[in-house]
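*Asks:* Here is a sequence together with a model predicted from it:
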Amino acid sequence: MLSEPVAVTLLVIEALEALDVPYLIGGSLASAVHGVARATVDTDLVADLRYEHAERLAQALSDAFYVDVEAIQAGRERVREEVGQVVQQGRLFE
(Lines give C-alpha, C1' and ligand atoms only; values in the text may rest on other atoms or scores of the structure.)
Protein backbone atom coordinates (compact mmCIF):
# COMPACT_ATOMS: atom_id res chain seq x y z
CA MET A 1 0.00 0.00 0.00
CA LEU A 2 1.29 3.45 -0.93
CA SER A 3 1.75 6.21 1.61
CA GLU A 4 -0.60 9.18 1.27
CA PRO A 5 2.07 11.56 -0.10
CA VAL A 6 3.07 9.06 -2.77
CA ALA A 7 -0.55 8.25 -3.68
CA VAL A 8 -1.47 11.94 -3.95
CA THR A 9 1.61 12.69 -6.02
CA LEU A 10 0.76 9.84 -8.38
CA LEU A 11 -2.74 11.26 -8.93
CA VAL A 12 -1.27 14.57 -10.08
CA ILE A 13 1.44 12.88 -12.16
CA GLU A 14 -1.17 10.75 -13.95
CA ALA A 15 -3.10 13.91 -14.87
CA LEU A 16 0.07 15.62 -16.11
CA GLU A 17 1.08 12.60 -18.17
CA ALA A 18 -2.42 12.35 -19.70
CA LEU A 19 -1.92 15.93 -20.92
CA ASP A 20 1.66 15.18 -22.12
CA VAL A 21 3.01 17.82 -19.73
CA PRO A 22 6.71 17.42 -18.84
CA TYR A 23 7.40 17.65 -15.09
CA LEU A 24 10.08 17.26 -12.42
CA ILE A 25 9.59 16.00 -8.86
CA GLY A 26 11.24 17.69 -5.88
CA GLY A 27 10.59 18.26 -2.19
CA SER A 28 11.00 15.77 0.62
CA LEU A 29 9.54 12.95 -1.50
CA ALA A 30 12.37 13.29 -3.99
CA SER A 31 14.91 13.63 -1.16
CA ALA A 32 13.65 10.42 0.45
CA VAL A 33 14.03 8.52 -2.83
CA HIS A 34 17.67 9.60 -2.83
CA GLY A 35 18.19 8.57 0.80
CA VAL A 36 18.01 11.99 2.45
CA ALA A 37 15.21 12.15 5.02
CA ARG A 38 13.61 15.52 5.74
CA ALA A 39 11.21 16.58 8.47
CA THR A 40 8.70 17.95 5.96
CA VAL A 41 6.41 15.67 4.01
CA ASP A 42 5.76 17.35 0.71
CA THR A 43 6.17 16.99 -2.99
CA ASP A 44 7.17 19.84 -5.23
CA LEU A 45 6.19 19.37 -8.85
CA VAL A 46 7.61 21.66 -11.49
CA ALA A 47 5.55 21.30 -14.65
CA ASP A 48 5.79 22.88 -18.07
CA LEU A 49 2.10 23.85 -18.02
CA ARG A 50 0.80 25.92 -20.86
CA TYR A 51 -2.17 28.26 -20.65
CA GLU A 52 -4.38 25.72 -22.44
CA HIS A 53 -3.50 22.94 -19.96
CA ALA A 54 -5.00 24.74 -16.95
CA GLU A 55 -8.68 23.98 -17.63
CA ARG A 56 -8.04 20.34 -18.55
CA LEU A 57 -5.82 19.81 -15.52
CA ALA A 58 -8.47 21.32 -13.26
CA GLN A 59 -11.11 19.02 -14.75
CA ALA A 60 -8.90 15.96 -14.36
CA LEU A 61 -8.21 16.72 -10.68
CA SER A 62 -11.50 18.33 -9.63
CA ASP A 63 -12.86 15.32 -7.74
CA ALA A 64 -9.98 15.27 -5.27
CA PHE A 65 -8.30 18.68 -5.47
CA TYR A 66 -8.91 22.40 -5.46
CA VAL A 67 -7.16 23.76 -8.54
CA ASP A 68 -6.79 27.50 -9.08
CA VAL A 69 -7.02 27.73 -12.88
CA GLU A 70 -6.40 31.47 -12.97
CA ALA A 71 -3.25 31.15 -10.83
CA ILE A 72 -1.92 28.44 -13.13
CA GLN A 73 -2.63 30.55 -16.21
CA ALA A 74 -1.12 33.65 -14.62
CA GLY A 75 1.90 31.65 -13.49
CA ARG A 76 3.07 31.38 -17.08
CA GLU A 77 3.31 35.16 -17.16
CA ARG A 78 4.79 35.60 -13.66
CA VAL A 79 7.28 32.76 -13.48
CA ARG A 80 9.23 34.18 -10.54
CA GLU A 81 6.20 35.38 -8.58
CA GLU A 82 3.10 33.53 -7.38
CA VAL A 83 2.87 29.97 -8.63
CA GLY A 84 -0.36 28.10 -9.24
CA GLN A 85 -1.28 25.61 -6.54
CA VAL A 86 -3.05 22.29 -6.49
CA VAL A 87 -4.26 21.45 -2.99
CA GLN A 88 -5.88 18.15 -2.00
CA GLN A 89 -9.38 18.72 -0.64
CA GLY A 90 -9.87 17.88 3.04
CA ARG A 91 -6.16 17.33 3.61
CA LEU A 92 -3.10 19.33 4.47
CA PHE A 93 -1.00 17.82 1.68
CA GLU A 94 -0.16 20.39 -0.94
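*Replies:* Looks like it arrived, so ask away. Numbering: from 1, shown residues only.
*Asks:* Check which helices and strands the longest helix along the chain sits against.
*Replies:* Scanning the chain for the helix with the most residues, using DSSP state H, yields helix 4-18. Counting contacts by 3 or more Cβ pairs under 8 Å, 6 or more residues apart in numbering; DSSP states H and E, helix 4-18 packs against strand 23-26, helix 27-33, strand 44-47, helix 53-61. Where C-beta positions appear, they are placed from N, C-alpha and C, glycine not excepted.
*Asks:* Now do the second one: everything it contacts.
*Replies:* Read it as helix 27-33. Here helix 27-33 makes contact (Cβ atoms under 8 Å, 6 or more residues apart in numbering) with 5, 6, 9, 37, 38, 39, 40, 41, 42, 43, 44.
*Asks:* Could you do the longest one as well?
*Replies:* Applying Cβ under 8 Å, 6+ apart, the contact partners of helix 53-61 are 11-12, 15-16, 18-19, 21, 49, 67, 69, 72-73, 84, 86.
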